[in-house]
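Asks: after the sequence you'll find the predicted model.
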Amino acid sequence: MMAESVDLTENRQTEVLVVAWVMTGAAVMTVGIKLFARARIVHVVGWDDFFIFLSLVWSCCTAFPSNKSGFS
């Protein structure tokens, strides 16, 4: 069995950021649809909806600035 060499100089920054932005986009769309349905269709927006929106905002504010400066 031959040992495979690992290239430690390989940079995967672009792939990581693309996945992060796609997942964030999916989360924003999901939360947006949920809040739209609760506000416009059901006409009941609860305290849990506020915390879901707050957690989405907090996630976006803390994740992407660290990704930008975290890679060299």
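Replies: That came in fine, so what should we check first?
Asks: helix or strand: which one has the residue most central in space within the chain?
Replies: Compute the mean C-alpha point of the chain, and by CA atoms, centre = their mean the closest residue is Thr24, 2.9 Å away. Element membership for Thr24, per DSSP states H and E: helix 13-36.
Asks: which helix or which strand is home to the nearest residue to the residue nearest to the centre of the chain once chain neighbours are set aside?
Replies: Spatially, and ignoring its direct neighbours in sequence, Thr24 is nearest to Cys60 (6.3 Å; CB to CB, 6 or more residues apart in numbering). No exception for glycine: its C-beta is placed from N, CA and C like everyone else's. Using DSSP H and E, the element containing Cys60 is helix 47-70.
Asks: how far off centre is that helix?
Replies: Here helix 47-70 shows a centroid-to-chain-centroid distance of 8 Å under the convention CA atoms, centre = their mean, to the nearest Å.
Asks: now do that helix, average pLDDT.
Replies: Averaged across helix 47-70, pLDDT comes to 80.
Asks: would you put the C-alpha positions of that helix in CSV?
Replies: Presented in CSV, the C-alpha positions along helix 47-70 are these (Å, rounded to 0.1, in the frame of the first residue of the first chain):
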residue,chain,number,x,y,z
TRP,A,47,-41.6,35.8,20.8
ASP,A,48,-39.9,32.8,19.3
ASP,A,49,-40.0,34.5,15.9
PHE,A,50,-38.1,37.4,17.3
PHE,A,51,-35.4,35.1,18.7
ILE,A,52,-35.1,33.2,15.4
PHE,A,53,-34.6,36.5,13.6
LEU,A,54,-32.2,37.7,16.2
SER,A,55,-30.1,34.5,16.0
LEU,A,56,-29.9,34.8,12.2
VAL,A,57,-28.7,38.3,12.5
TRP,A,58,-26.2,37.4,15.2
SER,A,59,-24.9,34.4,13.1
CYS,A,60,-24.4,36.6,10.1
CYS,A,61,-22.6,39.4,12.1
THR,A,62,-20.2,37.0,13.8
ALA,A,63,-19.4,34.4,11.2
PHE,A,64,-18.4,36.4,8.1
PRO,A,65,-16.1,39.0,9.6
SER,A,66,-14.1,36.2,11.1
ASN,A,67,-14.0,34.3,7.8
LYS,A,68,-12.7,37.3,6.0
SER,A,69,-9.8,37.9,8.4
GLY,A,70,-9.3,34.2,9.4
